[in-house]
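**Q** Need coordinates for the below:
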Amino acid sequence: MFDRLGIQVLAPGPRFAAQTRFWVNGEDLVEQAVGPGGYGPSAVSVFPVGRPGLLRATGEPRRVELGEPECTGGCCGFLSAVVQRFGNVVRWSDWEVPADGTRPLEFDFEADRYEAELARVEAPGWRRRGRARSRLPGRE
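**A** Here you go, the predicted model:
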């Protein structure tokens with residue numbers, strides 16, 4: 001059985017640029033691993049214009065930062081995972097967590113659904129509106 005991924009881009013706030021939040025199987029990954037005050041990575045860094053996003057999975061493993069605690073990752077460490085594609089499976093594994101963080105499980109996503117979710121969020125709509133995405137796929 002595959003895990004379900006939903007991605008949300010939150011509107012920028014007074015101290016932070018638009019951030020990315022990840023929902024796996026209906027749960028906020030950053031909140032679960034880092035705590036309620038945690039932040040997701042900058043949406044612009046995760047979904048750069050004119051280049052493949054950091055979450056695009058290939059056969060080559062790549063470590064990706066997915067969150068940080070309220071005190072910042074430079075203080076206590078970042079939430080990160082290795083993202084890699086194995087045929088029809090995209091795996092997030094080999095977690096690193098901030099001090100006092102909770103290490104997530106290994107997640108396996110069905111590659112076509114994973115790519116469709118990335119394509120949905122990479123669409124330029126959130127950049128134009130500068131506000132939160134309201135739809136959260138995978139939250140059923």
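**Q** And the host helix or strand of residue 64, what's buried?
**A** Assigned by DSSP states H and E, residue 64 belongs to strand 62-67. Under the neighbour-count criterion of 16 or more other CB atoms under 10 Å, strand 62-67 has 64-67 buried. (C-beta placed from N, C-alpha, C; glycine too.)
**Q** I'd like those residues written out as TSV, with distance to residue 54 and pLDDT added.
**A** Shown next, in TSV, are those (distance: CB to CB, whole Å; pLDDT from 0 to 100):
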residue	distance to residue 54	pLDDT
64	5	94
65	8	91
66	9	92
67	13	88
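**Q** and the most centrally placed residue in the chain, what pLDDT?
**A** Nearest residue to the geometric centre of the chain (CA atoms, centre = their mean): residue 22, 4.2 Å. According to the prediction, residue 22 has pLDDT 94.
**Q** ok, so what distance separates the closest residue to it other than its chain neighbours from residue 51?
**A** With sequence-adjacent residues excluded and distances taken as CB to CB, 6 or more residues apart in numbering, residue 22 is closest to residue 29, at 4.3 Å. Computed as CB to CB, to the nearest Å, the residue 29 to residue 51 distance reads 23 Å.
**Q** Name the residue in the two with the higher neighbour count.
**A** Using other CB atoms under 10 Å, the more surrounded residue of residue 29 and residue 51 is residue 29, with 23 against 8.
**Q** Distance check, that one against residue 67.
**A** Distance, residue 29 to residue 67, using CB to CB: 7 Å.
**Q** Quickly list what's touching both of the two.
**A** Counting by CB atoms under 8 Å, 6 or more residues apart in numbering, the common neighbours of residue 29 and residue 67 are 22, 79.
**Q** can you give me the strands for the protein?
**A** Taking DSSP state E, the strands of the chain run over residues 5-10, 19-24, 27-28, 62-67, 79-86, 89-96, 107-110.
**Q** would you turn these into CSV with distance to residue 119?
**A** Listed next are the strands of the chain as CSV, based on distance: least, CB to CB, whole Å:
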stretch, distance to residue 119
strand 5-10, 11
strand 19-24, 15
strand 27-28, 22
strand 62-67, 17
strand 79-86, 15
strand 89-96, 13
strand 107-110, 14
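**Q** So which of those is nearest residue 117?
**A** Nearest to residue 117, of all the strands of the chain, is strand 5-10, at 5.4 Å by CB to CB.
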